[in-house]
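Enquirer: Can you look at this prediction? I've put the sequence above it.
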Amino acid sequence: MNPLIPNGAEHEVVVTGIGLVAGQLTDPEALFDHIAQGRTLITEHPRHKEWGVPCAVSAHVDPQVRQALEDAAPEEAGPLGPAGVLAWHAAAQAWERSGLPRRLDSERGGVFLACNRMVMEPAELTGLAAHVDYGAGEFDLDGYLDADAGPDPRRHARIQPDTATGSLADYFGAAGVLETRADACAAGGMAIGSAYRYIRSGALDVALAGGAESLTTLTSVAAFYGVGALAPADGKAPAEISRPFDKDRSGFVIGDGAAFLVLESRAHAEARGARILARVAGYAGVTEAVKMTSSSRDGSDYAECIRAALADAGLAPEDIDHINAHATSTQANDTCEAAALHTVFGERAAGIPVTGNKSAMGHSLANSGAAEAVLSVLSLQRQAVLPTLNFTEPDEVTAGLDVVTERRDARVTAVLSNSFGFGGQNCSLILAQAG
């Protein structure tokens, strides 16, 4: 029983639509099949070598795919930035698949979008620098705004994640609750969890929840490389660099993408004859502040989050059939998560199939939890578990986990999907069969 929801006021939350963009792929099933075949989205980025960054690979959205998505966005979408374009396609796809009417026109619908704030890119910084008097320590804002090559007047609207949230809410007539989450790497899961809570409490009937990021840019890559989070290529082929839980892991590979789910109360979905894909059975969002770039190495903070999600779902550890791990391929994160799984599941950890999707699709931060939730829904639908690429040998902490290395048919009734973010923002979702 969720202590935040009054007794007798709980509503079962189901998934009725999914949508996704990743790499050159523009639907969830294509990504599931791609990874099931042991294939990756990680390739050389067309500009990273030119920028001189040591980690010149990424799981970026193909430029031609991105352009096609931009061209397909309706005029009503308004000014959408790089992440907003991806969000629009994934959200519209999930909505259409749900079978909901084009407009809900109800205050009992909401939009929950996860997207971290965008930053200036080199050309913009160069234009800005031209109006700085470094000696006087002054910036000529008027001159910058009046310059012929000055900023795009609609840029601010395009790059703000809130713009896409509002546009989606207006387009689908679902403006009862609007949230834009920026909980770092946990934001996608947090967006889904927040939507779940609103529906479960009875405040909403329908929610569009997911994430979008466009991060394979110089500023983002330089920042994450600077803090030691990105894996250097070190002569490896792009497909071999992301290595979750492997003893030779050395960091994550950055990615772009978007993923959305349509959530509804079961009563609302059944009343309109919707096809129910899965249930959101439980959720926990736990904040701790051990360190900006890692949590307690003994996994205790992650374990607390997992246990809270199980309690919220009314499930025991033995009820979980599959773990879709956060599994970034960094030393600290994989150590913390592996320790947490051993703590929560004990001897059963050796018998629960574990998947690290980021081995194939990189880490798209705010979007990653949403994309992994979509893939978890498909694991429930297909009764199959995806492989973790490049896992060959565990270290002393990751040893004892059943890290899946080839597509595996398996009985999957409940999936634990973890998202653990920088700054100690931790999220666990539990997705289950529709029942």
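Expert: Happy to help now that I have it.

Enquirer: Can you check which helix is longest in the protein?
Expert: The longest helix of the chain (DSSP state H) is helix 82-98.

Enquirer: which strands and helices sit next to that helix?
Expert: strand 13-21, helix 63-72, helix 161-172, strand 206-213, strand 257-265 (3 or more C-beta pairs under 8 Å, 6 or more residues apart in numbering; DSSP states H and E). The way it works is simple: take the backbone N, C-alpha and C, and place the C-beta from them, glycine included.

Enquirer: Just the mean pLDDT for the last one, thanks.
Expert: Along strand 257-265, the predicted confidence averages to a pLDDT of 98.

Enquirer: Please could you give me each C-alpha atom of that strand, formatted as PDB?
Expert: C-alpha atoms of strand 257-265 as PDB (Å, rounded to 0.1, in the frame of the first residue of the first chain):
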ATOM      1  CA  GLY A 257      17.000   9.600 -28.100                       C
ATOM      2  CA  ALA A 258      13.400   9.800 -27.000                       C
ATOM      3  CA  ALA A 259      10.900   7.300 -25.500                       C
ATOM      4  CA  PHE A 260       7.300   7.700 -24.300                       C
ATOM      5  CA  LEU A 261       4.600   5.600 -22.700                       C
ATOM      6  CA  VAL A 262       0.900   6.300 -22.500                       C
ATOM      7  CA  LEU A 263      -0.300   5.400 -19.000                       C
ATOM      8  CA  GLU A 264      -4.000   5.100 -18.000                       C
ATOM      9  CA  SER A 265      -6.000   3.900 -15.100                       C
END
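
Enquirer: what stretches of the stretch 301-435 of the chain score poorly on pLDDT?
Expert: 423 (pLDDT under 70).

Enquirer: Would you state the helices of it in chain order?
Expert: 331-345, 358-361, 368-382 (DSSP state H, counting those that start in this stretch).

Enquirer: Could you give the separation of the last one from the chain centroid?
Expert: This points to helix 368-382. 11 Å (C-alpha atoms, centre = their mean, to the nearest Å).

Enquirer: How about the first one?
Expert: Here the centre of mass of C-alpha atoms in helix 331-345, compared against the chain's by C-alpha atoms, centre = their mean, lies 20 Å away.

Enquirer: Which positions within that helix qualify as buried?
Expert: 331, 333-345 (16 or more other C-beta atoms under 10 Å).

Enquirer: which of the residues you listed lies closest to Thr217?
Expert: Asn333 (22.5 Å; C-beta to C-beta).

Enquirer: correct me, but the closest one touches His326?
Expert: Yes: look at Asn333 against His326 with C-beta atoms under 8 Å: they come within range, at 6.5 Å.

Enquirer: For Thr139, give the beta-bridge partners.
Expert: That one is not Thr; residue 139 is Phe. On the basis of DSSP bridges, Phe139 is bridged to Val132.

Enquirer: Check the gap between it and Glu347 for me.
Expert: Separation of Phe139 from Glu347 (C-beta to C-beta, to the nearest Å): 61 Å.

Enquirer: what do you get for Ala384?
Expert: 25 Å.

Enquirer: who has more neighbours, these two?
Expert: Ala384 (17 against 8; other C-beta atoms under 10 Å).

Enquirer: Not counting its neighbours along the chain, what's nearest that one?
Expert: Once flanking residues are discounted, Ala384 sits nearest to Asp409: 5.4 Å by C-beta to C-beta, 6 or more residues apart in numbering.
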